[in-house]
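1. Compute the structure for the input listed below.
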Amino acid sequence: MDLTQLLKEKFNYDQFRPGQREIIETILTREPVLGMLPTGTGKSLCYQLPGYLLDGTVIIISPLISLMEDQVAQLQRMGEKRAVALNSLLSSWEKQWILSETYKYKFIFMSPEMFLNQGVQDALKKTKLALIVIDEAHCISQWGIDFRPEYLKITDGIEAIGASVILALTATATEAVRADIQKLLFRKRPAKEFVFSVDRPNISYFVYQEDKFKKLQELVASLAGSGIIYCATRKKVEELYQAFKGQQAIAYYHGGLSGQERRMLQQQFLAGDLRILIATNAFGMGINKENIRFVIHYDLPDSPENYLQEVGRAGRDGQASQAILLYETGDEYIHHFLQEQTNQSKKLFEIKQKINDLVFEDPLINKWEQYFPGESARLMELLSQRGATKKLQLQKMLDYIGTKDCRRQFLVAYFAETLSEKNPHCCDNDGANLIVKTLEQGPIENQLSWRKIIQRIFKNAEKD
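-> The predicted model follows:
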């Protein structure tokens, strides 16, 4: 079948976005691929479409349960019933059932830890596999924004089950990160790289260095369309929600909410029942809402990579959208505090090597000991390197705030890119103005009643 025809019939798109066709065609030749596409430009299509043309099951290794569930829900809304997330939210019985019926599924999402589980490995050895996908592949690199030790073991798991076709996807990988991915994941056969610019031309960039709360009040009242306000902590998320509730169709979202609460909020936001979500970065990965018009960062992101990931949730429909960063002197101190915690963990780990019965809980170190026992020297070197990297990344964000030059050019230069052209509404340093509501747009709709919200959710579920 012609790829464009399948794209229309299965996904209702008329044409491919940059990079998608090239990646898909290479996968269909059964070559390994490393693809870097900007946030919001359809990375999931790069494995979904070839999944229908290749015989067997597609395994997608993903770092977050919320991301897995979002992807499964999207496939189900398209009518695909052979998609499932194999994760810790399932009971033992449910996991065993899925593993005994893997051949019936076209798409199975799982974490690296689940993929490496011996029972899962045994089941996959008996399953005809079309493709192994490593999503958020920068997690495999010590230079990446979200390094996770278990990602280093994925290659061993892939080789153990005999899988041959591998696709690694990321939105934000520097040259150093991509080199790490090639070395650590594609050990036997280098992957063909498709690297596309991190730039999203339809997003304009703004920075305001003033009273943040006062500016946020002004922005919430004046900006057009729906948006996300990102905060660094759950406490700040809830504080801002209390300040704005009742004035807007607004809600808050963070990892402390139950799975059911998070799903309901996602449904409301996607359906347009909520105009604004105040959230930690737990919200957004995989959320396919095309008409988000603005993303506001109330707190300073810790790296250009994370910043581009989060603002990339705006303007997926290609229409003009806005990335707004609010800054007050001292906002970086929370990241200094977190970096100091890592230094303390490193010191405690050194002590633990000498006192074997020391009780010590640290997610990164505990996972390292689980997957790489006896390799403490390697961990200490890695922690030192990551500490230095995080300082550099944070400094780059401070440089971004202070630059008098083009903000877009600053961000793409971080990824060793240059801009061939810019839109006329590039950034505040280039004279861009915020897009605000007009009088004709009228007042913001009030929140729907809970009865209507529940009715809409169940109606959508019936369609699924």
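
2. who does the top helix by length along the chain touch, helix- and strand-wise?
-> In the chain, with assignment by DSSP state H, the single longest helix is helix 376-402. The helices and strands touching helix 376-402, judged by 3 or more CB pairs under 8 Å, 6 or more residues apart in numbering; DSSP states H and E, are strand 203-209, helix 304-311, strand 321-327, helix 333-354, helix 407-414. For glycine as for every other residue, the C-beta is placed from the backbone atoms N, C-alpha and C.

3. Got the domain ranges for the protein?
-> 3-195, 203-331+403-463, 333-399 (automatic domain parsing).

4. which one of those has the lowest average pLDDT?
-> When those are compared by mean pLDDT, domain 333-399 comes last with a mean of 76.

5. returning to what we had before: I'd like to know which of the helices and strands packed on helix 376-402 lies nearest to A282.
-> helix 304-311 (11.2 Å; CB to CB).

6. Okay, helices next: where are they in the stretch 51-200 of the chain?
-> In the stretch 51-200 of the chain, the segments counted as helices under DSSP state H, counting those that start in this stretch are 65-77, 92-100, 112-116, 118-125, 154-161, 175-185.

7. what sits against S258?
-> Contacts for S258 (CB atoms under 8 Å, 6 or more residues apart in numbering) come out as none.

8. Give me the contacts around the helix or strand containing E25.
-> In the assignment (DSSP states H and E), E25 maps to helix 20-28. Contact with helix 20-28 is made by 3, 16, 33, 35, 37, 42, 45-47, 49-50, 53-54, 131, 165, 167, 192, 194, as judged by CB under 8 Å, 6+ apart.

9. for that helix, the distance to its chain's centre please.
-> The chain centroid and the centroid of helix 20-28 are separated by 22 Å under CA atoms, centre = their mean, to the nearest Å.

10. on that earlier part again, mark which of the contacts of helix 20-28 are buried, thanks.
-> Buried by 16 or more other CB atoms under 10 Å: 3, 16, 33, 35, 37, 42, 45-47, 49-50, 54, 131, 165, 167, 192, 194, out of the contacts of helix 20-28.

11. how about the helices of the stretch 51-200 of the chain in TSV, adding mean neighbour count?
-> Shown next, in TSV, are these (neighbours: other CB atoms under 10 Å):
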stretch	mean neighbour count
helix 65-77	20
helix 92-100	13
helix 112-116	21
helix 118-125	16
helix 154-161	17
helix 175-185	18
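
12. Switch the ones you listed over to JSON lines; also include distance to Q248.
-> Listed next are the helices of the stretch 51-200 of the chain as JSON lines, based on distance: least, CB to CB, whole Å:
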{"stretch": "helix 65-77", "distance to Q248": "24"}
{"stretch": "helix 92-100", "distance to Q248": "39"}
{"stretch": "helix 112-116", "distance to Q248": "39"}
{"stretch": "helix 118-125", "distance to Q248": "44"}
{"stretch": "helix 154-161", "distance to Q248": "42"}
{"stretch": "helix 175-185", "distance to Q248": "38"}
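
13. Out of those, which is closest to K245?
-> helix 65-77 (23.3 Å).

14. so what secondary structure elements neighbour that closest one?
-> Against helix 65-77 (3+ CB pairs under 8 Å, 6+ apart) you get strand 83-86, strand 107-110, helix 259-271.

15. what do you get if the cut-off is 6 Å, keeping everything else the same?
-> When contacts are defined as 3 or more CB pairs under 6 Å, 6 or more residues apart in numbering; DSSP states H and E, helix 65-77 packs onto strand 83-86.

16. Packing partners of the strand it packs on?
-> Counting by 3+ CB pairs under 6 Å, 6+ apart, strand 83-86 packs on helix 65-77, strand 107-110.

17. try 7 Å
-> Judged by 3 or more CB pairs under 7 Å, 6 or more residues apart in numbering; DSSP states H and E, the packing partners of strand 83-86 are helix 65-77, helix 92-100, strand 107-110.

18. closest to I365 out of the ones you listed?
-> When those are compared by CB to CB, helix 65-77 sits nearest I365, at 22.1 Å.

19. Next, the angle from the closest one to helix 259-271.
-> Between helix 65-77 and helix 259-271, the angle comes out at 50 degrees (axes from the mean of the first three to the mean of the last three CA atoms, to 10 degrees).

20. mind listing what Q339 touches?
-> 387, 390-391 (CB atoms under 7 Å, 6 or more residues apart in numbering).

21. isn't I132 right up against T57?
-> No: contact criterion CB atoms under 7 Å: I132 and T57 do not qualify, at 9.9 Å.

22. between the two, who's got more neighbours?
-> I132 (24 against 21; other CB atoms under 10 Å).
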